[in-house]
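**Student:** Dropping the sequence and predicted coords here.
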Amino acid sequence: MKVLALEYDLEPLYLCPKSLCAKENGLWEERHEENDNNLFESGCYALMVNGFSSNLYFAENVQENSHLQSALKSLPGCNFSIITTMSFTVDQSGNQTSYTEGFALLLNKDDDNKKIKENLIAHLDTNRVKFNISRIFNKGNTMWYKEYSDNDSLQQEIEVVAVKQPKCHPAYNKRETNSVYHDQARVQSVLDTFKSMNEVQELKEIYDGKMLNIKPLKRDHPIIVIEGLDATGKSTLTENLAKRLNGCARKSPQDCVLHLRKTFDSHFQLLRRAYYAIGNYAFAAQVLHDAQSGPVVCDRFWHSTAAYAIATDVKVGDETHLPPARHWVYSWPPDLLKPDIVILLTISDELRRCRLEGRNTEKTDEEIRMEKSRLFRQRIAEVYKRMDNPALVELDASGSAEELCNKAVELLSDKHIITI
Ligand SMILES: Nc1ncnc2c1ncn2[C@@H]1O[C@H](COP(=O)(O)OP(=O)(O)OP(=O)(O)O)[C@@H](O)[C@H]1O
Ligand SMILES: Nc1ccn([C@H]2C[C@H](O)[C@@H](COP(=O)(O)O)O2)c(=O)n1
């Protein structure tokens, strides 16, 4: 049985076969909200395209899907919206048994559906993109899901209904179907999948021999990490605090891989985060080395990588769509050097905006997206709050740079991380 989700901007709309909602099954709870009838009211219909194949690994599938996305964007005469979708199968007990991602073309009532489908198939064939097609449409007062086989003949037609979201976002049912990395072996394996790319080869060469394999991860001085949204004052505090503690300030990603950042930032999320994730292991080696001679203050580390990954994997909606608190995704990777404390800087959105504007540096794509998307920002902020083992310690960063540094020193002393 398949459950689908159409990822509308404000929240995903989960649709499941009506039979799974029957009272005797009770696996999925039907919901009756005004917006759920989006498809009915506008009379539009969704053409679903999915590039996933069961013969490929998740990493290969997301690459296929990114080719599919590019091809869809260049579809001639495309004047309808395209949104992302998720679909997954569930067994008789309602347990999720697979996870795939795709796209839905939201067609209008007056569109020539048949023609668009033919054009789409021809266009994707020309672009040599692999795909499966299905569609959702309304018949009277009911919603239907129709799947086609490879030769475009009908495979199955099922009545579907809008249901409440599952307890956990479907990408976080398994470790390998999302872009949060909890061990070095998985990052290496994803990078190996794409080793034919020049930038991946270069990244691997730079890091070759620079990874941490020292156990136990002991140090003589504390390792302090500063986290927070963009422009909350992390870099400023990192520098000031390091000076105050006679220690060393470090920023991740490291300088040696910064020239590759833009290229990786333009890739699909799984590969993009692999760049930051592998960087965290090399960063750990440097930080551990530094911590033998004095305190180290780090501007971002694993929590940044994970928070941005989760907030992006969960593509739409507010924080209620994130994996629930205490989910494994929020805990620190067991094979990565653990800091003594992670401080989360918080300021009001208004002040953060002022600081962003007062700064003259070029904005990254993610910064632009953060400014545009209130919900994305909300998701990142909440992920930071849900992190545990170690949990982040919040520090109000609204005062002057000097006041903030004093407060940080006080906090570190209260927590017995430093003695003053
Ligand atoms: N405590 C503070 N009071 C006033 N202005 C500050 C304070 N801390 C930093 N700023 C200013 O705010 C801007 C952003 O600060 P900073 O670069 O330290 O933030 P950041 O969190 O490291 O940003 P990013 O994550 O985008 O690199 C800078 O122009 C900086 O001078
Ligand atoms: N360890 C890290 C460091 C940074 N990132 C990502 C998160 C954002 O996409 C971006 C912000 O970087 P900044 O503007 O502060 O240089 O970099 C990460 O994922 N992991």
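**Tutor:** Yep, that arrived. Ligands and ions are numbered 1, 2, ... in the order given.
**Student:** Output the below-cut-off pLDDT ranges for the stretch 1-150 of the chain.
**Tutor:** For the stretch 1-150 of the chain, applying pLDDT under 70 flags the ranges 1, 23-25, 35-44, 149-150.
**Student:** Residue of it closest to ligand 1, please.
**Tutor:** With C-beta to the nearest ligand atom as the measure, residue 9 is the residue of the stretch 1-150 of the chain nearest to ligand 1, at 24.8 Å. Using the backbone N, CA and C atoms, a C-beta is placed for each residue, glycine as well.
**Student:** Looks to me like that residue is in a helix.
**Tutor:** No: counting by DSSP: H, G, I helix; E, B strand; the rest coil, residue 9 falls outside a helix, being coil.
**Student:** how close does it sit to residue 109?
**Tutor:** 21 Å (C-beta to C-beta, to the nearest Å).
**Student:** Check residue 284 too.
**Tutor:** 56 Å.
**Student:** and those two? which has more neighbours close in?
**Tutor:** residue 284 (26 against 9; other C-beta atoms under 10 Å).
**Student:** how about the helix or strand where that one lies, does it get close to ligand 1?
**Tutor:** Residue 284 belongs to helix 269-290 when assigned by DSSP states H and E. No: Helix 269-290 lies apart from ligand 1 when judged by C-beta under 6 Å from any ligand atom; the minimum separation is 13.3 Å.
**Student:** quick one: buried residues of that helix?
**Tutor:** 269-288, 290 (16 or more other C-beta atoms under 10 Å).
**Student:** ok, and of these, which contact ligand 2?
**Tutor:** Answer for the buried residues of helix 269-290 near ligand 2 (C-beta under 6 Å from any ligand atom): 276, 280.
**Student:** which stretches of the chain form helices?
**Tutor:** 18-21, 38-42, 58-73, 113-126, 184-193, 198-207, 234-244, 261-265, 269-290, 302-313, 349-357, 365-372, 374-386, 401-414 (DSSP state H).
**Student:** ranking those by mean pLDDT, which is last?
**Tutor:** Note on those: helix 38-42 shows the lowest mean pLDDT, a mean of 59.
**Student:** Tabulate the CA atom coordinates of stretch 106-120 in PDB.
**Tutor:** Written as PDB, here are the backbone C-alpha positions of stretch 106-120 (Å, rounded to 0.1, in the frame of the first residue of the first chain):
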ATOM      1  CA  LEU A 106      -0.200  20.700 -10.600                       C
ATOM      2  CA  LEU A 107      -2.300  21.100 -13.700                       C
ATOM      3  CA  ASN A 108      -5.200  23.500 -14.200                       C
ATOM      4  CA  LYS A 109      -8.800  22.600 -15.000                       C
ATOM      5  CA  ASP A 110      -8.500  23.800 -18.500                       C
ATOM      6  CA  ASP A 111      -5.100  22.200 -19.300                       C
ATOM      7  CA  ASP A 112      -5.100  19.500 -21.900                       C
ATOM      8  CA  ASN A 113      -4.000  16.700 -19.500                       C
ATOM      9  CA  LYS A 114      -3.500  14.100 -22.200                       C
ATOM     10  CA  LYS A 115      -1.300  16.400 -24.300                       C
ATOM     11  CA  ILE A 116       0.800  17.500 -21.300                       C
ATOM     12  CA  LYS A 117       1.400  13.900 -20.300                       C
ATOM     13  CA  GLU A 118       2.500  13.000 -23.800                       C
ATOM     14  CA  ASN A 119       4.800  16.000 -24.000                       C
ATOM     15  CA  LEU A 120       6.300  15.100 -20.600                       C
END
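**Student:** residues of that stretch that come out buried?
**Tutor:** 106-107, 111, 113, 116-117, 120.
**Student:** Check stretch 344-360 too.
**Tutor:** So for stretch 344-360, counting by 16+ other C-beta under 10 Å, buried means 344-347, 352, 356.
**Student:** quick check, nearest of these to residue 406?
**Tutor:** residue 345 (14.2 Å; C-beta to C-beta).
**Student:** tell me which parts of the protein are close to ligand 2?
**Tutor:** 230, 252-253, 276, 280, 300-301, 304-305, 308, 364, 366.
**Student:** Please repeat the previous calculation with a cut-off of 5 Å.
**Tutor:** Applying C-beta under 5 Å from any ligand atom, we find that the chain lies next to ligand 2 at 252, 276, 300, 304-305, 308, 366.
**Student:** Next, count neighbours for the closest residue to ligand 2 within the stretch 51-200 of the chain.
**Tutor:** Going by C-beta to the nearest ligand atom, ligand 2 is nearest to residue 179 of the stretch 51-200 of the chain, at 10.0 Å. Residue 179 sits with 25 neighbouring residues when counted by other C-beta under 10 Å.
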